[in-house]
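[1] got a sequence here, can you build the structure:
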Amino acid sequence: MLKPIKKESVRGQVYWQLRDQILRRTWPPGSKLPSEHELAQTMGVSRVSIREGIQHLVSLGILETRHGEGTFVRELTSGQVHFNALIPLLVLDDIDILHVLEYRLIVEKGTAALAAERATDQDIAEMEAVYEQMVRLRGDVAKFSHADLEFHLVLAKATANPVLIKVNNVLRTILEVSMENIVDTLGMEDGLHFHRLLIDAVRARDVKAAESIMQEHVDRTIVRLKAEGGITASGAIRTEQPPMPAPLRASLQERLSLHRTFWARQKQPRPLASFRVGDFFFARHFQAGLPLLEPGKIISPEMLIVSEFRADYERMFREAEELGQDGFWTGEPYTGIPWMEAILGCPIRAGRESFTSRPRFSSPAEALEEVRFEPQNPWLAKYLEFTAALAGQSRGRFPVAMPIMRGPSDMLGALLGQQEMVLALMEADPQVMHRLIERVTRTFMAVLEAQRRLTPPFYGGTSLGFYHVWAPGPSIWFQDDLSSLLSPKLYREFFLAAARLILAGHAYTAVHLHPSSFFILDELLTLEGLKVIQVNKDIGGPGVQEMLPVLARIMETRGLILWGDLTVEDLELIRRNLPCRGLALNVVAPTREESEARLAYIRCWDGGG
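    You can find the predicted model right below:
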């Protein structure tokens, strides 16, 4: 029943009463409203106020005016309707974005799961089309936001549930406004990233993956809005921020941009910073691996129960993110296992801090006869089991990549023994040695290719495992630690071709180098496909001061990742003496407090180059 209008907020009261009568179906869809004159008399207001209230409802698609006939309630079709009880909150009150996201968190998890179960080929094609539209519209916040919302509506349509479809269309206006605010605040990368994962999960009919990806998508949006967008207690975005000190947490956009700048070797505001907290015995960082570290114990793949490592990975990821580093923590098959040696058939034994391998063959000819890539290899199967589990656990939160993996000289030394390898390189048939080195190199590449097939892209790119450096495209890194036993001539003759083979086909490449192998730097710098050289600050020295001339030479033509226990004093030396272009620091610090202190120093970098 219509009531006399109070004197305050006349326009709003007219709107609310008319809207309530439509909700109660006093005037059902398709029916004609009383004339403006009748409504004005009933409600005790002017016809101008009635006209304003009606125009408000017309603009929202609730009413329509037909010339010469009057005003009618629109039919509530799923494709057109904007009619809902929450629209007044959008129009008359502030938008509470967090409340909208809470709604989405509750509803869209189930929507994604149903879509994975029921989507047709046409539905998936529509998702792909909207996704491609999002990619094309990356430079326009409003149009990108519209396409972003359209993706969610297409996902709802794929459920074939008419209630979900209608409710999403009913809430379209609120969702569209909140979506534009979110994209304007947080950028576009998250939407593209998670929508790509959702399409893949729906296409694979993976109900659990689709549900968990959607949950992570909305969860991450809420967390980032609170951390980066300045959300108030009511959920509104603050337009003014109180003065704050230099932040210790970079936004997602800033992190991705810093990685791109690093690879392009352009001037950076500061070095790209990643951290590891604890000692240098990384196998001990996993609680699940501690029972295996029994000196002399022979390790077999079935001893590694992948599910038992899940909590360790989750803890490490959370700790890295809470620290606020620039790098992206990367999930890797259990760091500490010498995976390539194991896959090549070398016996694996445990020590107190790590795992080592034992030589397998007595001659290069015997090794050449036996070594080959076997897709059914049990150690490879375990490596890929870790990879698949990490990809599932990630839900798009972190990249998955390789851990420390031995390079060609390391694999050859593992198969034959280190001294025996050096003697063979000098005395054995060179053709046999070349073929054996190529064989182990191609095995290494085949293992990584098998891993890649299980690894989803991360924000359209990949990661250098262990160093946690993101790359905008295909990436790879390798090491040749046993090059320290060789002469530059032997390295050039036998291993440089293997390095070229590894780097081929990858836009973003790196090689790991100890100071003891600096003498092969000239050879490495001849590799046209090599973009970055990673150098260790080893426990036994030399220190940063002693390495500065070599580091500066590297940075003349390549990017540099410097890894190790880099103290504030080391950071000061680097800041004063090296350019801040193509520079990344991977810091191993003994405690969280030390990590925070060093990160704070890096965040105050002044450029220097």
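[2] Leu503 is in contact with Thr509, isn't it?
    Yes: between Leu503 and Thr509 there is a contact under Cβ atoms under 8 Å: 4.8 Å. No exception for glycine: its C-beta is placed from N, CA and C like everyone else's.
[3] quick check: neighbours shared by those two?
    Counting by Cβ atoms under 8 Å, 6 or more residues apart in numbering, the shared contacts of Leu503 and Thr509 are Ile476, Gly529, Leu530.
[4] backbone dihedrals for the spatially closest residue to the second one that is not a sequence neighbour, please?
    Of all residues not flanking Gly529 in the chain, Leu503 sits nearest, at 3.9 Å (Cβ to Cβ, 6 or more residues apart in numbering). In this entry, Leu503 is assigned phi and psi values of phi -70, psi -30 (degrees, to the nearest 10).
[5] assign a three-state SS to the residue lying closest to Leu186 once chain neighbours are set aside, would you?
    What sits nearest to Leu186 in space, not counting adjacent residues and going by Cβ to Cβ, 6+ apart, is Arg224, at 5.3 Å. What DSSP: H, G, I helix; E, B strand; the rest coil gives for Arg224 is helix.
[6] and Arg224, what is it in contact with?
    Going by Cβ under 8 Å, 6+ apart, the list of residues near Arg224 reads Leu186, Asp190, Ser251, Leu252.
[7] so which of the residues you listed are in strands?
    Applying DSSP state E to those, no entry is found in strands.
[8] which of Leu503 and Thr509 has more residues huddled nearby?
    Neighbours were tallied for Leu503 and for Thr509 using other Cβ atoms under 10 Å; the higher tally belongs to Thr509 (25 against 19).
[9] who are the packing partners of the one helix or strand the more buried one maps to?
    Applying DSSP states H and E as the criterion places Thr509 in strand 508-513. Under the contact definition 3 or more Cβ pairs under 8 Å, 6 or more residues apart in numbering; DSSP states H and E, strand 508-513 sits against strand 462-464, strand 475-479, helix 521-524, strand 532-537.
[10] now render the shared contacts of Leu503 and Thr509 as TSV, adding distance to Glu108.
    Formatted as TSV, the entries for the shared contacts of Leu503 and Thr509 read as follows, by distance: Cβ to Cβ, whole Å:
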residue	distance to Glu108
Ile476	36
Gly529	43
Leu530	44
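[11] from those, list the buried ones, please.
    By neighbour count, with 16 or more other Cβ atoms under 10 Å, these hold Ile476, Leu530 as buried.
[12] from the shared contacts of Leu503 and Thr509, which single one is nearest Leu63?
    The shortest gap between Leu63 and any of those belongs to Ile476, at 61.7 Å (Cβ to Cβ).
[13] any idea how far Gly12 is from the closest one?
    Counting by Cβ to Cβ, to the nearest Å, the gap between Ile476 and Gly12 amounts to 62 Å.
[14] ditto for Leu599
    Counting by Cβ to Cβ, the gap from Leu599 to Gly12 is 51 Å.
[15] swap in Ser274?
    In this view, Ser274 and Gly12 are 54 Å apart by Cβ to Cβ.
[16] try Glu528
    Applying Cβ to Cβ, one obtains 69 Å for the distance of Glu528 from Gly12.
[17] give me the distance from stretch 282-290 to the chain's centre.
    Offset of stretch 282-290 from its chain centre (Cα atoms, centre = their mean, to the nearest Å): 24 Å.
[18] buried residues of it, list them for me.
    In terms of neighbour count (16+ other Cβ under 10 Å), stretch 282-290 has its buried residues at Phe282, Ala283, Arg284, His285, Phe286, Ala288, Gly289.
[19] what number of residues lie near the residue lying closest to the third one once chain neighbours are set aside?
    So the one you mean is Arg284. Once flanking residues are discounted, Arg284 sits nearest to Glu353: 6.1 Å by Cβ to Cβ, 6+ apart. In terms of burial, Glu353 registers 14 neighbours under the definition other Cβ under 10 Å.
[20] where does Glu353 fall, phi/psi-wise?
    As for Glu353, its main-chain torsions (degrees, to the nearest 10) stand at phi -120, psi -20.
[21] one more: Ile337?
    Here the main-chain torsion angles of Ile337 (degrees, to the nearest 10) amount to phi -70, psi 130.
[22] state the pLDDT value of it.
    As predicted, Ile337 sits at a pLDDT of 95.
[23] averaged pLDDT, the one helix or strand Gln41 maps to. What do you get?
    Using DSSP H and E, Gln41 falls within helix 36-43. Per-residue confidence for helix 36-43 averages out to 92 on the pLDDT scale.
[24] just the buried positions in that helix, please.
    Residues of helix 36-43 classed as buried by neighbour count (16+ other Cβ under 10 Å): Glu36, Leu39, Ala40, Thr42, Met43.
[25] the third one and Val10, how far apart?
    Separation of Ala40 from Val10 (Cβ to Cβ): 11 Å.
[26] between those two, what contacts are shared?
    Taking Cβ under 8 Å, 6+ apart as the contact criterion, the residues that touch both Ala40 and Val10 are Ser49.
[27] SS state for Glu180?
    In terms of secondary structure, Glu180 is helix; the call rests on three-state DSSP.
[28] so it touches Lys143, yeah?
    No: using Cβ under 8 Å as the test, Glu180 is too far from Lys143 to be in contact (9.9 Å).
[29] for Thr159, helix, strand, or coil?
    Recorded secondary structure, Thr159: coil (three-state DSSP).
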